[in-house]
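> Show me the folded form of this:
(chains A and B)
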Amino acid sequence: MDAIILLTLTGLGLAALYFLVASGLSLVFGLADVLNFAHGLFLGVGAYATWWAAGNLPGAGPDGLGFVVAVAFGVAAGTLVAVLVELVLIRPLYSRTIEQVLVTVGLSLAGVALLQATWGADARPFPRPAWTREVTSIFGAQVPNGGLLLIVAAALVLGAILAFLRWTRYGLIIRAGVENREMVTALGIDVRKAFTLVFAIGGAAAALAGALGSVYFGTVSPQQGGSLLIFAFIVVVIGGMGSVVGSAYAAVAVGLLQQFVNYYGTSGLGDICVVALLAVVLLLRPQGIAGKAVTA
Amino acid sequence: MSEPVLTVENLSVRIAGLHILQGVSFTVAPTGVTVLLGRNGVGKTTTLRAVVGLTPRNGEVRGTVRTGAQSLLSQRTHRLVRGGLGYVPEDRCVFAGLTVAENLRLAERRGTRPAYDRVFALFPELDRRSRQRAGSLSGGQQQMLAIGRVLLNDNRLLLVDEPTKGLAPKVVTEVAEVLERVAESVPVLLVEQNLAVVRRLARDAVVLAAGRVAWTGDAQELLLETALTRSLLGVGSAEGHQHAAVATADHPAAAAPEDGS
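This next block holds a predicted model:
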């Protein structure tokens, strides 16, 4: 029983990490039709900026309020990079899918190379509050606090995004734009502002994933974003492009499946099962759990 | 003669290598309804979309579209719409996942007071169904919502693309009545296949054939010319007469659409 609770909560921790990366990716694709392979870069920037701030930024540090300041700095850095990427590189390429893919793939490779050139290719220990290295006993299971932190953060981000989409004008524009972008412009709305906004939201969530994921793993490395991005894409496809709630369901499914299969089966089998789940969803429900059905 | 509200000169549109419009020129009078007619695929919808700046990115637009001295082709769609060009697209294009109220709220513009009174006076159904998802409305209700969204703001010109397409005869009459009332205060450029509706609403007509203007003039005179309507529209004016004669509030049942597209 302890093992099941532990696997469930660590699986949910992994799901939280996937959700934080996938939610922005899904909104960006749903609204702007941009398959952003550079999304992992926002995560890397968030992680490294938090790591740098904890050691160098006045007021920031590895503990207490200083850690909150460091994470806020990391999130701000990730958001800024995301906004710049949208304004400078993506905006001239809307409706030019091949060029978008080439630019974002190139940017992700260049971003990793830049992080490596600046701070080295090896993983570095991540400064984190002492309590995140400890465990909490839940029904007898010793659950890492870093994982619980991720779950709480993802739940808050999910709530915040849903509230934003439900209650604000820009949220309304984004929901409408995911359905029919052209019609939004035909109502007199400059939809490009919404594109920038979803990049900012996605960048912030990914940067938060970078910071809190590094807390969970205890290290930060340049390749971190790329490896998580693969599973985030799977989550987006399973959840349905443009659906934040779908991404949340899919992230939970993928995280739990991976964790349980890796524990009860062979290590690595969980990843294969995730790909198999993706194939099954694509065969049975190509639009994903909560996505729109594509018609001819 | 008063100055036209819209002037289209030598408008050419190519999309994916297809030369859809080939030098189209016409004007829209500052009052009443000007109808854009023609068989399927002659470029009626392409014309409206070019005017409102919605030609796809793989398309090429040339020519002149202006209101007064102001050129429209260089402007982006949202600016044209904010400038008073209201557009009701073919197939309604309501946001199915949003409620009726949310669909209307999207059309609100900063700095102006949305005319909900006007919209709900024309379409009381929308007020009653404000919390219903637009995707669950009937085709007629969706069309009312699509028109209502545009009427929430004051416009200089309305572009309305096949508003009666696929609607039941009773709803066709209702939509025609609404457009008739709307046209009393704002000029309308209407794409319409239903000749009964055309007869009821239109003052001027522009007929397209194979991407070119084949005829312009008085819409009522056009409908009286059997040979002309047969050659340009593929329908005898006798059929038009038949529909036109009954497309009134008193006899709505026979006001059936001519064609699905």
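> helix/strand/coil for A:G44?
helix (DSSP: H, G, I helix; E, B strand; the rest coil).
> Which helix or which strand is home to the residue nearest to it when sequence neighbours are not counted?
By the measure of CB to CB, 6 or more residues apart in numbering or on different chains, the closest residue to A:G44 outside its immediate chain neighbours is A:G225, 4.0 Å from it. Every residue, glycine included, has its C-beta placed from N, CA and C. Here A:G225 is covered by helix A:224-239, with elements defined by DSSP states H and E.
> Show the subsequent helix or strand relative to that helix.
Sequence order places helix A:244-264 as the next helix or strand after helix A:224-239, per DSSP H and E.
> check contacts around B:L179.
B:V33, B:I147, B:V160, B:P163, B:V188, B:L190, B:V197, B:L201 (CB atoms under 8 Å, 6 or more residues apart in numbering or on different chains).
> tally of neighbours for B:T7?
B:T7 has 17 neighbouring residues, counting by other CB atoms under 10 Å in any protein chain shown.
> residues in contact with it?
So B:T7 contacts B:T27, B:V28, B:T64, B:V65, B:R66, B:T67 (CB under 8 Å, 6+ apart).
> at 7 Å instead, please
Applying CB atoms under 7 Å, 6 or more residues apart in numbering or on different chains, one finds that B:T7 lies in contact with B:T27, B:R66.
> Mind jotting down where the helices sit in the chain?
Let's take chain A. Applying DSSP state H to chain A gives helices spanning A:2-32, A:39-56, A:64-84, A:97-119, A:145-167, A:169-179, A:181-185, A:191-217, A:224-239, A:244-264, A:269-284.
> The intended chain is chain B.
Counting by DSSP H, the helices of chain B are B:44-51, B:77-82, B:100-106, B:116-122, B:124-128, B:139-151, B:169-182, B:195-201, B:219-224, B:226-233, B:237-246.
> now for the ones you listed, which one comes closest to A:P144?
helix B:100-106 (41.9 Å; CB to CB).
> A:F195 against A:L87, yeah?
No: counting by CB atoms under 7 Å, A:F195 stays clear of A:L87, with 9.4 Å between them.
> hang on, the earlier thing: which one of the contacts of B:L179 is nearest to A:R128?
Closest to A:R128, out of all of these and judged by CB to CB, is B:I147, at 57.9 Å.
> so where is chain B shaky, pLDDT-wise?
Along chain B, the model assigns pLDDT under 70 to residues B:1, B:236-261.
> one more time with 90, if that's ok
B:1-3, B:16-17, B:41, B:55-59, B:68-70, B:74, B:91-92, B:109-112, B:166, B:224-261 (pLDDT under 90).
> and if you look at the stretch 101-250 of chain A?
A:139-141, A:178, A:223-228, A:241-242.
> ok, back up a step: as a markdown table, the helices of chain A with mean neighbour count would be great.
Output for the helices of chain A, formatted as a markdown table (neighbours: other CB atoms under 10 Å in any protein chain shown):
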| stretch | mean neighbour count |
| --- | --- |
| helix A:2-32 | 25 |
| helix A:39-56 | 27 |
| helix A:64-84 | 21 |
| helix A:97-119 | 16 |
| helix A:145-167 | 17 |
| helix A:169-179 | 21 |
| helix A:181-185 | 21 |
| helix A:191-217 | 26 |
| helix A:224-239 | 24 |
| helix A:244-264 | 22 |
| helix A:269-284 | 15 |
